[in-house]
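> Fold the following and give me the result.
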Amino acid sequence: MDFSSKNINMSNRRIVILGKSRTGKSSVANTIFGEKLIEINHTLNSETSECRAETRSVNRRNITLIDTPGVFDTHRSEKELKSEIVKCITEFTPGPHAFLIVFEVGRFTEQEQDVITKIKQYFSEEVFKYTTVLFTHGDQLPEGQTIEDFIRGNKLVSDLVKKCGGRCHVIDNKYWKNNQQDEYRSNQFQVKELLKTIEKMIEANKGSCYTNEMLQAVEEMIKQEEKRIRQSSGDMSDEEIRKKAKDTVFKRLMIKLAGITAGALLEALFGGVVMGKVVLSALKAGLPLAAGGPAIPLTVTSGVVGAVAGGVAGSSAAEGAETPLEAMKKAAKAFMNGSTSIADFTKKK
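Numbering: from 1, shown residues only. The predicted model follows:
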């Protein structure tokens, strides 16, 4: 399966904001757009709880910012996380031009290190070509220090930035308003520099956006649903039709991908070849989408390492796996290599 990006010439730039909760991630859209789109209450659960997209014109170019829930948070339940990842899949289509991984200046705990570990686990090398690291809470930088100075003191962060082509910026959602005496500590300056970096990155990627076969398949589902809605839409606008189509496809995906774990979905979304093939097979399996067909049951439970939910043959292929996701990968590889048939994946014991 070819997971390389395709040239999709669209003047609108789609930018995905990623990161754990409570890093100021949800305020990034407010800062980039220069207006208060998202109300932040500064409580434990104040940040975005579901994937949300907003489009505005910035520097005479339309930009869509896709704000995500904390898909790398460890405290979220599997059910909640999975629902939001599927929502992200429908919002990402046909593919983002850029990913922003958000961290907070001065707050680099074991949890932040865990986020980097997960990013390295799930991101393919292809995704890093489209990724920039963005720090919030820039007011915590010591006077005279740049963000580059800050990251030099943390090898883990420094290595991540290197994987992202050295692309790294900083903003402050609260204090760095316009007309700052120090230009570096001005959101107006920093947002301009950030968008310049993204444009250079898009040029280096020959105008393409990040995509893969799974995102392309979901985009095709959305287009088919749009076509169906238009036939009986009345006076609905294109934007309303698109939104309704996405909502419908989201519900169908939740049925078709019911058996696949959140971790496996993340890996498929961010370029994992093996899990990408498995998810694609699940999307194509069963009854036509319009009938809400069943998914291939691919959930690996901790109680039956290497077997899928409901009792699936092929557990021998996953022997020696230390985690459910690792077991799923092993079993999936066996399926993709032909040593385990699709019948094995759907057969009851």
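> Setting the sequence-adjacent residues aside, check what's closest to the residue nearest the centre of the chain.
Central residue check for the chain by CA atoms, centre = their mean: the C-alpha nearest the mean position is that of C88, 6.1 Å away. Distances taken as CB to CB, 6 or more residues apart in numbering put C51 closest to C88, at 4.8 Å, once the chain neighbours are dropped. Glycine gets a C-beta too; all of them are placed from N, C-alpha and C.
> Quick one: residues contacting that neighbour.
Neighbour list for C51: 66-69, 84, 87-88, 91 [criterion: CB atoms under 8 Å, 6 or more residues apart in numbering].
> out of these, who's nearest G276?
Nearest to G276 among these is C88, at 15.1 Å by CB to CB.
> Flag the shaky bits of this protein, pLDDT-wise.
Residues of the chain meeting the criterion pLDDT under 70: 1-11, 38-49, 178-180, 286-349.
> does F189 belong to a helix or a strand, and which?
Using DSSP states H and E, F189 sits within helix 187-204.
> before we move on, the earlier item: cross the contacts of C51 against strands and list the overlap.
Using DSSP state E to define strands, the subset of the contacts of C51 located there is 66-67.
> Let me know the closest of the contacts of C51 to K174.
Out of the contacts of C51, the member with the shortest distance to K174 (by CB to CB) is D67, at 17.6 Å.
> I'd assumed K25 was in contact with the closest one.
Yes - D67 lies in contact with K25 (CB atoms under 8 Å); the separation is 7.2 Å.
> List the contacts of the residue nearest to the centre of the chain.
16, 51, 66, 68, 71, 269.
> Please apply the same query to K82.
Contacts of K82 by CB under 8 Å, 6+ apart are 257, 260-262, 265.
> The residue nearest to C88 and N59: what is the separation?
Distance, C51 to N59, using CB to CB, to the nearest Å: 25 Å.
> What is the helix or strand where I119 lies packed up against?
In the assignment (DSSP H and E), I119 maps to helix 110-122. Other elements packing on helix 110-122 under the criterion 3 or more CB pairs under 8 Å, 6 or more residues apart in numbering; DSSP states H and E are strand 98-104, helix 155-163, helix 262-269.
> so how far is it off the chain centroid?
Centroid separation between helix 110-122 and its chain, computed with CA atoms, centre = their mean, to the nearest Å, is 14 Å.
> how about that helix: buried residues?
By neighbour count on 16 or more other CB atoms under 10 Å, the buried set for helix 110-122 is 112, 115-116, 118-119, 122.
> Which residue is most remote from the mean position of the protein?
Outermost residue of the chain (CA atoms, centre = their mean): Q181, 36.4 Å.
> Endpoints of stretch 169-183, how far apart?
Taking CA to CA, to the nearest Å, stretch 169-183 runs 14 Å from one end to the other.
> Contact partners for P96?
P96 is in contact with 14-16, 66, 130, 209-210, counting by CB under 8 Å, 6+ apart.
> Pipe those residues into JSON lines and attach distance to R107, secondary structure and neighbour count per row.
Listed next are the contacts of P96 as JSON lines, based on distance: CB to CB, whole Å; DSSP: H, G, I helix; E, B strand; the rest coil; neighbours: other CB atoms under 10 Å:
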{"residue": "R14", "distance to R107": "28", "secondary structure": "strand", "neighbour count": "23"}
{"residue": "I15", "distance to R107": "23", "secondary structure": "strand", "neighbour count": "23"}
{"residue": "V16", "distance to R107": "22", "secondary structure": "strand", "neighbour count": "24"}
{"residue": "I66", "distance to R107": "24", "secondary structure": "strand", "neighbour count": "21"}
{"residue": "Y130", "distance to R107": "25", "secondary structure": "coil", "neighbour count": "27"}
{"residue": "C209", "distance to R107": "31", "secondary structure": "strand", "neighbour count": "22"}
{"residue": "Y210", "distance to R107": "28", "secondary structure": "coil", "neighbour count": "29"}
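> Make JSON lines from those and add distance to V249 to it.
Converted to JSON lines, the contacts of P96 look like this (distance: CB to CB, whole Å):
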{"residue": "R14", "distance to V249": "17"}
{"residue": "I15", "distance to V249": "22"}
{"residue": "V16", "distance to V249": "18"}
{"residue": "I66", "distance to V249": "16"}
{"residue": "Y130", "distance to V249": "23"}
{"residue": "C209", "distance to V249": "19"}
{"residue": "Y210", "distance to V249": "20"}
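> Tell me which stretches of the chain form helices.
All helices of the chain, identified by DSSP state H, fall at 28-33, 78-92, 110-122, 125-128, 147-152, 155-163, 187-204, 213-230, 238-256, 262-269, 273-284, 324-337, 342-346.
> Determine the set of other helices and strands touching the fifth one.
Where contact means 3+ CB pairs under 8 Å, 6+ apart, helix 147-152 is packed against helix 155-163, strand 168-170.
> Give me whichever of those is most buried.
strand 168-170 (a mean of 23; mean count of other CB atoms under 10 Å).
> For the residue farthest from the centre of the chain, list the residues it contacts.
Contacts of Q181 (CB under 8 Å, 6+ apart): none.
> I'd like to know how far it sits from T197.
Per CB to CB, Q181 is found 24 Å from T197.
> circling back: output the helices and strands packed on helix 147-152 in TSV; the columns should cover distance to R252.
Below are the helices and strands packed on helix 147-152 laid out as TSV (distance: least, CB to CB, whole Å):
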stretch	distance to R252
helix 155-163	35
strand 168-170	38
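> of these, which approaches E104 most closely?
Taking the helices and strands packed on helix 147-152 one by one with CB to CB, strand 168-170 is closest: 10.3 Å.
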